[in-house]
Structure formats: C-alpha cells, structure tokens
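>>> any chance you can model this:
(chains A, B, C and D)
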Number of protein chains: 4
Amino acid sequence: MKDFTWTPRTDLALEAREMLSRKVREDIPGVVVETVEEEDVVITTVNITNAEAERIMGKGQGKYVTIEAQGLRDKNTPLQEKIMKKLAEELVGMVELAKNATVLIIGLGNRNVTPDALGPRAVEKIVVTRHLQDMLSPELKGGVRSVCAIAPGVLGITGMETVEIVQGIVSKVKPDLVIAIDALAAASSRRVLTTVQLANTGISPGSGVGNKRFGLTAQSLGAPVIAIGVPTVVHASTIAIDTIDTLQEHAPFARYFKSMEHLSDNDRKMIVSQVLPEVLGDLMVTPKEVDRFIEDIGVLIAGGINQAIHPHIDYENIYNYLH
Amino acid sequence: MKDFTWTPRTDLALEAREMLSRKVREDIPGVVVETVEEEDVVITTVNITNAEAERIMGKGQGKYVTIEAQGLRDKNTPLQEKIMKKLAEELVGMVELAKNATVLIIGLGNRNVTPDALGPRAVEKIVVTRHLQDMLSPELKGGVRSVCAIAPGVLGITGMETVEIVQGIVSKVKPDLVIAIDALAAASSRRVLTTVQLANTGISPGSGVGNKRFGLTAQSLGAPVIAIGVPTVVHASTIAIDTIDTLQEHAPFARYFKSMEHLSDNDRKMIVSQVLPEVLGDLMVTPKEVDRFIEDIGVLIAGGINQAIHPHIDYENIYNYLH
Amino acid sequence: MKDFTWTPRTDLALEAREMLSRKVREDIPGVVVETVEEEDVVITTVNITNAEAERIMGKGQGKYVTIEAQGLRDKNTPLQEKIMKKLAEELVGMVELAKNATVLIIGLGNRNVTPDALGPRAVEKIVVTRHLQDMLSPELKGGVRSVCAIAPGVLGITGMETVEIVQGIVSKVKPDLVIAIDALAAASSRRVLTTVQLANTGISPGSGVGNKRFGLTAQSLGAPVIAIGVPTVVHASTIAIDTIDTLQEHAPFARYFKSMEHLSDNDRKMIVSQVLPEVLGDLMVTPKEVDRFIEDIGVLIAGGINQAIHPHIDYENIYNYLH
Amino acid sequence: MKDFTWTPRTDLALEAREMLSRKVREDIPGVVVETVEEEDVVITTVNITNAEAERIMGKGQGKYVTIEAQGLRDKNTPLQEKIMKKLAEELVGMVELAKNATVLIIGLGNRNVTPDALGPRAVEKIVVTRHLQDMLSPELKGGVRSVCAIAPGVLGITGMETVEIVQGIVSKVKPDLVIAIDALAAASSRRVLTTVQLANTGISPGSGVGNKRFGLTAQSLGAPVIAIGVPTVVHASTIAIDTIDTLQEHAPFARYFKSMEHLSDNDRKMIVSQVLPEVLGDLMVTPKEVDRFIEDIGVLIAGGINQAIHPHIDYENIYNYLH
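This next block holds a predicted model:
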C-alpha cells in the first residue's frame, strides 16, 4: 500500500497507548492517563509530558482528551447534545480565551471524499461572526467572540500545502486561537465515528486520513492550535493485523500453531503487504452509512465549538445555526 | 457482522469459480469458461449450464460475461471508450431486440451511499426516449428504440421491495427487456471498480452491496432481465480471510504453524467474527477515491447501454448525452 | 416562453381567488372562504363547491387549506415546529385514516433542479415503516401506520409519465391514502417558501413547477389523494405583469397614461412575450438562498406528515428521524 | 430590494455600453469597440481607455473581451470545445506568461448557491501542478506551468473578506498572475449562460452575483489579475425595467400612453420597488436547468484556462482532466 506506515496505525493517543504491550504501557514515566466513565460516555485524558514518552507513544508532547460514546452511531439526539456539551466543556478547559479574542477554525480534508470530509462539513455549521463585529449590539458583544472559518482544500486539489494557505490567512487575520478539525484513522473499528479527540498539540505531519505532510502547530502558525478529530476509517491493514492478532491470542486456535509469539514485526508487515497489494491505492474501511454519520458528527463538532466560543448565547439559539 | 454470509463472498461468477479448489474447479461438468485476452482488457465468459454446476458455483444457470481492465482506475478516456464499446457489443450479443422494442433500465442501490450509488448514477446518463417516440422523425425512429429508466431506491428508504415497484412499473410499461444496473461485492480488491459483469440471469435474492432480498428475474417480471454489475467494495471479512489464507499459503510463514490445512471453515468463521465484531453494522472496504470512480464508471455503463440500444446514432451524438 | 400559460399564473387556490376582480370575487356562489389569523400564521380555507366556481377559479372542486407564515424564511426553529404541527392538524382534519391504513407518499419533481426538488427532499425525511410492520412490537403498532414513499422522477428523466409509475406502484401496494408533495408556482413573490397548501383534490394536469401533464387524483389512482405543495418560484412573467399592474394602479404614474384600463389581456400577453423571449426555456424567479430554504421546508413537510400519520410517537422521537 | 442598485444592472462591459442611449454610446471618445462575428460565435472587445469613459460606462479602465454563443445552452460538445479554444486564445492574448510562471486561480462565489457556484465548480476542473513541479520530467516541464487554485468561500460563510484570504495566500505563493472566476449578472436574459467575459481589470467592489465588497486587482494583490465571468442570472428588477421599456418602445402600445419619454429614472425606480418589495431578500431570475448549465460552463472555463496555461499538453490530455 502506497502510504503504508507500520507505526502508528492510529491517530488517537488513547489507542497508541493501548497498542503498547502491557508491560511497556504501565511503565512509561512521562504518560499520565485519567479516565472518567459515565453511563454512556467515557472521557480519557492522556498527558504526554516528556521526550521519552513522546518517542515511545509516537505522539507529540501535550494533552489529548478522548470522548467516546458508542451510542453516537444510533440516531440519538439527546446523546448527541450531551456529547456536544462535553466537547464544549473540554474545549473551554483546554485554552483560556479573552472576551474579545479572534478564533480561526480550519476544516481540513477533501470535501469530495466522504470519509475525509468531516472538516469541511463541520466548518459549514460554525457560527461565523468576525464580519459582523461592527454590527453587534453592545449586550450581544459580550457573548459573541470574533470567529472566522475556512476549509482550504487538500494539496492535490489546490497545489498548495495547507500550512501555506493557513499561514497566509493567519498573517492577515491574526487569530488568538486556531482550531483545526480533521478526520482521523483509528486502530479499532469500534472507535470509528463514536469518538472525538481534542489535542492541544495541533496537527503534526503525517496524521489524518489523507496525505497531509504539513504541520499546523503553534510553532508554524504563531498562535495556539487545538486539533479536534474524529476517526472515520480504519486502514485495511488494521483488519489484516487484527486477524493475525486474533489467531495468536485466542486459545481455540492455539492448536494450529507451533509458535506465534515469535512472529516478527517484519513478517507481519510481509503478510499485510501480501494481503493488500498496491492495486487500490488508498484502500479504506468505513461503515456503509458513512455519509449520514459524517453529517451528524459534523453538526456535533460545530455545535461544541459554537458553545465553547459563544458561551452567553443560549443553547436554543446556537442550535438554530446548525441545521 | 449482521448479514455475514460465508458463501459466496463474491457477486462475480468468475470469482466464485476461482474460489473453488483447483481440483473441484476443473472437474465441474456443467461450467464452460472461455477467456479472450487483449493488451489491456480480459473478457471471460462463464456458462453455468446445469443444476449441479449451479449448486457448486452458488450462482444461477446462465451466461456471465466479465470485462476486466485494470487501467479503468487511471484517468484514461480512450480505455474508457474502448470498454464502453466492448460492453455494448457483449450486451448486443446477449439478447435479440426488435427495432421497436421497449427497454426498461433499473438503477438499483441507494443514491446516498456512495459505493451503492452506481445504479442511480448510471441511470441519470441513460438516453431516455420512450416519451419522445411520437416526436421522432421517421429516419431517426430506426435507430432510437423506446427506452425508459428509473432508480427506485432501496427498501429502507421506500418501505417497498424493489421487485414490487418494478413489477408495478412493468405492468404499465410492458417492456421487451429489463436491464438492471447494480453495485457488487468482489472477493478480490483488484477487481473493485475495474470489472464489469453482464449476466442474462437477472438478479437473484441476496446479491449486491446492499441488503436486497428480492429477485429481478424473467420469472418475477415476465420479461428477460440482463444484470450489469460492477464491484465497488470488498467485504471487510474478505481482508480477514485473505490474511488467514496468506498465512497458510506462503512458505515463509510455515514455520509458525503446526498445521493449517485442518483449519476448518467453522474456525475461520470464528476468527472473522472475532476480528469484525458487530459494532459497525455494515463495514465495507472501498478505495478512497470511490466518489470519482463511481461517477466515471456510471458514465461508462450508461454509454455502453446507450450504444447497444440506439446503434444508429453515431458515437459523437451518444457522447453528447453523457456529460 | 415555451410553456407560457396566461391563466392560471398560480398554483394556489388562495391566489387564484385574489386575482379575480373584486366584483367577481365576492359574487362567486360556490366558493366558501374562511380565514383564521394568529400572530405569525394565517390559515385560509377555500372550498370550491360547484362546477361554476371551478370554472371561474380555474381550480378543481374540493378543499384547499393554505398555511402562511412570513417568518419561515428566517431561521426560526420554534416557528417551524409550530407550522409543522399546524400542517399535521390540517392533514388529520382532511382525511379519516384507519389505524391499520397504508399510506403511500409521492415526492414529485426533479431532484436535480433545486426549486423543483422539494418533493424528493421531503420524501427522504419521511418515517417509512411498511417494511417493518412484522417487526413492530404490539404496543408500537397502534401508533405506527404502514407508510411507504418514493420520488419517481420526472418525465424527461424516466421517459414515463409519473401517473404511470404511481398507478403501477398503487396496483401492488394498494394504499388507503396517497399524499403527493410538489413544488408550486405562486403569483406573488412574498408567498414563495412561506406558504404550504394542502388540497384534497389531488394534483391536476398542468400544475406544478415542472411540466407535469398527468393527474394524480382519486379517479386515476383509485384511492384518495391529498396534495401538499409549497411555492418555490414565481414565473418571470409574473414580474412583467406585476410591473404593468403597478403602472396602472399607482396614482403617481397616472400622468404618463392616456388610458390603461383598456389594456387588453391580449396586449398584456404581447408585452410579456416581448419582454421574455423564448431564449431561456424555463426562466424562473427564485430567492438566492433557495437551496437552504428547500432543505428547511422539506423537513417541515415531512415532519408534519410524520406527526399526522404516526400520532402516538412522541414529538421528540419523530424529530429524531428528521435530521 | 436590499442590494438594489440602479446602475449598473449588468456586470458586462458590452451591456453597459448597450444601455447607454445611442447618442451617448456613439460619442464616448475613450471607448473603443471591435466585433468579430462568426457563424455561431460573436467576439466583442471593449477598450475603456480614459477616466471619462470609465465614468460614463461605470466600468474600470481596461480591456473587456466578450465571447457569446447562443448554442452553449444546447448540449453541443463541438461548440463547447470551440468556445474553450477561443477562451484559451483570448486569455493568451491578454497576458504574457514566462514558461516558469506561477498562476493562482481563484474561484469566487458560494458553492452552496447554485447560480453563484461557477467559480468553485470551475476550480475543481483546473489542472493543478504547483505541488508536482519537482516530480515532472524535464520534457514535460516546458509545457506545464506551476498552477495552484482555491475557492475561498464568501464573506457570510468565512467571516473574512475574500481579498484578505487571497492577499494572505499571494504573500506565500507569490504568483505571477491571478485569474479570478466569478458568476455575473446580466441585463439581458439571452446572455445568461451563453456569454464569457474576460477582463484585464481584475474584479472591482460590488460586482458579481453575491455581495462582494472587495476588489481583487493588481493594486490590492501586487500581481496582474484577469477576471473571467459568466452571467448566470438577471436581477428580477431587469424583468420589471424591460417591461417598462417594452411598453414605451413598441408602437402597438403607444395608444395607451400620454407620454412615456418623460418617465424619469426616479419613477422607474419607484415602479420597480413597488413590484419587487423587499420580502425575498435576493430575488434572482435564472433558467430552470441552471444546475446543469453551471456544470457544463464550469468545464468550459477550466478547459480554456488549462489550455492557455499548459499549451504543450495536447488537447486530448487536457480533456482527460476535465471529467
């Protein structure tokens, strides 16, 4: 597979940790994990606090919050609203914003490739206000920060690295915060379209569903960057690797094997490359109803951002902007 | 997986035969296979001629023609036009049509689920003429048969079985031929969006990408039915099974196994169900650029049908209807 | 203009009456009008009760209910929900439905021509249940009637008259009620996308935005037909005629005219045909935001129908199906 | 009407001139007009050469080339290819480009409002090459200039003036030429979707279908700007004004009027505002098939630009990128 990379198979810090062997996982000194479970939601915070932890995890230093709710794939408006609020709360907890701050929202990904279109779809639902600042009444101004938003398109369509476009815009708009929304790849199919990850690290080269070689980070943009991502696919290689792991781990199959514990990473890679020859370019595994799920979760992400940035607008009014 | 069915993993007769063990494959008396290879196209005809062959192949008696061209996934207009013509020729060879025949084209599948939308997209490009018959000049009438077309939608959206809708329409329109266009599932990812299958058997219950429990056949409709299909996905289970097969078949991995030849179908099924828990409903594996591929191949299918049905319209004019 | 018809310029019975001269209007014995005004909604019922009234009005005998709310063009969720409920109430008042009735919903119009796409868009939001009847628990069955729905496409795309397709489907499904949803033309631009008309007359030849020459009526289908329509355009000719009328009716311009009261219908028609030469085929006047308005009002129509047919599902649950 | 502006009613320099009284028209010293007529195409060049001409015409100084072909609204591939070539020739004639020049294409307008979506649609078909420069073989490099492209979205959606976004991008990309594609408003319905205008003036505040208050000009961007526009709508006010003009100009109606030659511009404006009250926001007049026309003419514009910029790629290859 053209862009096949063995590690990481996931854009989620949570999964990067799960994929380590138990022994390694419990011994990394620089990783702090905290989990809060409710009836239908699990919120996990992973803090990567030093360079060694960064190396082992394959994720940059910073704070990663994962909000998981299996029910999101059912049509369940109350749960969607609950997760929207959780997202708003976590977002507020991640950055301090002055009342008169300007926020730039970037919707990453290709709007014409459904599983990669989460960013552009979410951006369409953002309550954009920067151009209205002069028209707002004084009492509204308190609750309505200056927000602008763009879905710049992907390299193959624009001929420009996303970071070039965003740097150009940042140089004119001078935002106090950049929020980048992106579709991610997960290692486990049950996290697809059920999980939202926030990270205060920005977006690093090589992550995301598409082929994004740039970084949108505080360093490249000169403003803090929060990344909000949702896994929309698992790579086909994940299915192959999961199959091998299942063979190894499940007792009923043990009788077939002389020894699987010695199956080297290199041999795994060979098997995967046998199973997934290069013919299809980017093969992806995604649920059949991905069109509808992307629509729903785009509304959820936008709603959470809207609530976090414009806290004094009541929820009913925010909701009006979303449909 | 909800609708998981062990056999067949493919809607292509060609692949159903490939999946048999060599010994079985070469011994089925009622299956006649013929292959014509050109530089960039392979055309394979599979004739299933008796009940025993039908049982072993898991496909109904009849003629299946498969046109394969790996180049179709590249942007290659001359190859697309060549395959369009091959499709027209095969279609003409499959059925005899009177000059004044009426043809009803059915675009199966869900237009809102991209990999299932091939039928509805192709139908949009069909040159529909039934309503113009009274307006055609006598010299045009010779080359323009009466064509009508509909994409009726899927059961979950209409609440009606497709066969009910089509039977109702057939009772009013009384076509001499029905052509049904559908998205298929393949066993091999390299056949996805590179292969067109024509079959004079119609469409049988259970085939297709979606959950289609009906049959569109000469028996149910009272008119001959030709099915034209293109694989747009492989099931995620295929990746898992391919992984197991790769482990078994490749010598470099042999040292890991005590014995794999005894891996029972039941154990395979267990492994697959471990790897693919039910969480995602219908997981599918499809190329990232599926939106564009579906558009392109929809034009190709419609173009082939248009040429076959309206032979005296020159190609240039046919092409005008397609974009 | 190709399909230019002088009378009627409107599909709304309400406007057909307004367009009559005051003298005629107040003297038609067979027309009964009733108006209920609330703060932000006006509901008008026009009953056409005999053949003479039918001739003068240019609309078939029957009951027409018009729900008008100027606020619908603003983003106003509470008003949309209110109109949704009014629509459900009027629908319930128009027809008696047994608990086990089957209802067939038809979305008329061309899904690829935005202002004509109201029917197809609304049908996508209908809660379809006919295929689930065997799966429903007994307590749910009381509130969930058997509903099926289709958007059959227009003549130019299918080659079939809509009435042929619908008759075919009706012969299989045998519904107790047919509801047809369509985009209409209004005479006045302020009624565009602010007004919903229900009629128990079905749909007669020649009405609607597109060129629909068929009738969907109790007579042609063998089941009662309720038509639900929303004006999405005014014809360009309306603008021209309004201009002439304004010139005539407004005192400030009187000095320009020798006499306008004698401007014959024929001369009006000549002026309009001068202003609107045939070059553009079907010219239409529509608001710029028509894409969004059609989406919103499609949800409203579907929501009203869902509430009327499935009364024992609580509103929250119905709403879940709509987004 | 909210954004009603009496003058100009058109974005076409050609029409701005036609709208002047014959006496004025033929006497403007600073306007040079040249017309070349072929069988099915008319090319008109309007040069506005001094400040006085600029004031009278209401269009900035510069060169405006209009390519008109009524046949473009029919499905006519050879004519489309011919106009594509004419557009490429005119574009090449308007600017000198070094072989290693970088060109930035801007698709203006709102992709979600069909008649305003020409720019975004055309941009999707541009052959983007800037990111491939390092990968091109030496022999290809001669014919493939560095092209990048973006559809930045409109103010109401991004919260940013288009000029801000484009300035930001220009500061990073440093193009030698900017080409801006936009949907225009015409005064005459027969020019809608049949006419392409090129101008070396860039785009000035207030023009275009939407509400674009910025200027994309050599002055604001620091690089030459060529504007390519196609009228996709006429304003509803145009229909009203045409009606008044028809009344005045056509002898058969003369008997109705005391005097129309004195109908002041102010009175005209009053009439129009009576006919078109503000209720609909932006009312527009557009052909019913606008969705398809926009798609076709987007391909044409992109094809013309591709040919002009990459002259040594043969036409067949260019065409491959377009569908």
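>>> only C-alpha atoms for contact and neighbour calcs from this point on.
Fine.
>>> which residue is the nearest non-sequential neighbour of the residue of the stretch 51-200 of chain A found nearest chain D?
Closest contact between the stretch 51-200 of chain A and chain D, by CA to the nearest CA, is at A:G168 (3.8 Å). Spatial nearest neighbour of A:G168, chain neighbours left out: D:G168 (3.8 Å); criterion: CA to CA, 6 or more residues apart in numbering or on different chains.
>>> next, the angle helix A:162-173 makes with the host helix or strand of the one you found.
According to DSSP states H and E, D:G168 maps onto helix D:162-173. Here helix D:162-173 points in a direction 130 degrees away from that of helix A:162-173 (axes from the mean of the first three to the mean of the last three CA atoms, to 10 degrees).
>>> would you tell me whether the very next helix or strand once past helix D:162-173 gets close to chain A?
The C-terminal neighbour of helix D:162-173 among helices and strands, as given by DSSP H and E, is strand D:177-186. No. Strand D:177-186 lies apart from chain A when judged by CA under 8 Å from any CA of the partner chain; the minimum separation is 13.9 Å.
>>> pull up the pairing partners for strand D:177-186, direction included.
strand D:102-107 (parallel), strand D:225-235 (parallel) (DSSP bridges).
>>> low pLDDT regions in chain A?
Applying pLDDT under 70 to chain A flags residues A:1-8, A:136-143, A:205-214, A:250-263, A:265, A:274-282, A:313-323.
>>> could you pull out the helices for it?
Assigned by DSSP state H, the helices in chain A fall at A:13-18, A:22-27, A:51-57, A:77-94, A:118-124, A:138-141, A:155-158, A:162-173, A:218-221, A:236-249, A:265-275, A:290-309, A:315-322.
>>> wait, which of the ones you listed is closest to B:I297?
With CA to CA as the criterion, B:I297 lies closest to helix A:290-309 of the helices of chain A, at 20.3 Å.
>>> and that closest one, which residues are buried?
A:290-291, A:293-309 (16 or more other CA atoms under 10 Å in any protein chain shown).
>>> same deal with stretch A:37-52?
A:41, A:43-49.
>>> nearest to C:V123, out of the helices of chain A?
Judging the helices of chain A by CA to CA, what sits closest to C:V123 is helix A:290-309, at 16.0 Å.
>>> wait, does the closest one contact chain B?
Yes. With CA under 8 Å from any CA as the criterion, chain B is reached by helix A:290-309 at A:290-291.
>>> list the contacts of that helix.
A:73, A:80-81, A:83-89, A:91-92, A:114-115, A:117-119, A:121-123, A:125-127, A:144-145, A:193, A:232, A:313, A:315, A:318-319, A:322-323, B:112-114, C:323 (CA atoms under 8 Å, 6 or more residues apart in numbering or on different chains).
>>> repeat the analysis, applying 6 Å as the threshold.
Identification of contacts with helix A:290-309 by CA atoms under 6 Å, 6 or more residues apart in numbering or on different chains yields A:84-85, A:87-88, A:92, A:118, A:121-122, A:125-126.
>>> residues of the stretch 1-150 of chain A that sit close to chain C?
Within the stretch 1-150 of chain A, not a single residue sits near chain C (CA under 6 Å from any CA of the partner chain).
>>> tell me the residue of the stretch 1-150 of chain A that sits nearest chain B?
Per CA to the nearest CA, A:V113 is where the stretch 1-150 of chain A lies closest to chain B, at 6.5 Å.
>>> count of neighbours near that residue?
17 (other CA atoms under 10 Å in any protein chain shown).
>>> show me which residues of chain A sit near chain D.
Residues of chain A lying near chain D (CA under 6 Å from any CA): A:128, A:130-131, A:148-150, A:158-159, A:165, A:168-169.
>>> quick one: contacts for A:E54?
By CA under 6 Å, 6+ apart, the contact list for A:E54 reads A:60-61.
>>> contacts only, for the residue most central in space within chain A.
Against the mean C-alpha coordinate of chain A, by CA atoms, centre = their mean, the closest residue is A:G229 at 1.6 Å. Applying CA under 6 Å, 6+ apart, we find A:G229 in contact with A:181-184, A:196-197.
>>> which residues does it bridge with?
A:D182, A:Q197.
>>> without its sequence neighbours, what residue ends up closest to A:T195?
A:E68 (4.4 Å).
>>> ok, the one you found - contacts?
With CA under 6 Å, 6+ apart, A:E68 has these contacts: A:41-42, A:194-195.
>>> C:I271 versus that one, what's the distance?
66 Å (CA to CA, to the nearest Å).
>>> the residue nearest to A:G168 and C:E68, how far apart?
Counting by CA to CA - D:G168 and C:E68 are separated by 47 Å.
>>> excluding chain neighbours, what is closest to A:P224?
A:A218 (4.7 Å).
>>> got it, and A:D176?
A:D176 sits nearest to A:T102 (CA to CA, 6+ apart), 5.4 Å away.
>>> might one say that the one you found is in contact with A:K172?
No. Using CA atoms under 6 Å, A:T102 is not in contact with A:K172; the gap is 12.0 Å.
>>> quick one: which of those two has more around it?
For A:T102 versus A:K172, neighbours defined as other CA under 10 Å are more numerous around A:T102 (20 against 16).
>>> residues in contact with that one?
Counting by CA under 6 Å, 6+ apart, A:T102 touches A:146-147, A:175-176.
>>> hmm, try it at 8 Å
Contacts of A:T102 (CA under 8 Å, 6+ apart): A:130, A:145-148, A:174-177.
>>> so what sits opposite the residue nearest to A:D176 in the bridge?
With DSSP bridges as the rule, A:T102 is bridged to A:S146.
>>> do the one 5 residues further on as well
Beta-bridge partners of A:G107, counted by DSSP bridges, are A:I181.
>>> burial of it, as a residue count?
26.
>>> now swap in A:V127 and tell me
27.
>>> and it, how close does it get to D:L283?
Going from A:V127 to D:L283 by CA to CA gives 25 Å.
>>> likewise A:Q80?
37 Å.
>>> nearest residue to A:S204 other than its sequence neighbours?
A:G215 (4.5 Å).
>>> my guess is the one you found meets A:V163, correct?
Yes. Using CA atoms under 8 Å as the test, A:G215 is close enough to A:V163 to be in contact (6.6 Å).
>>> fine by me, we can end here.
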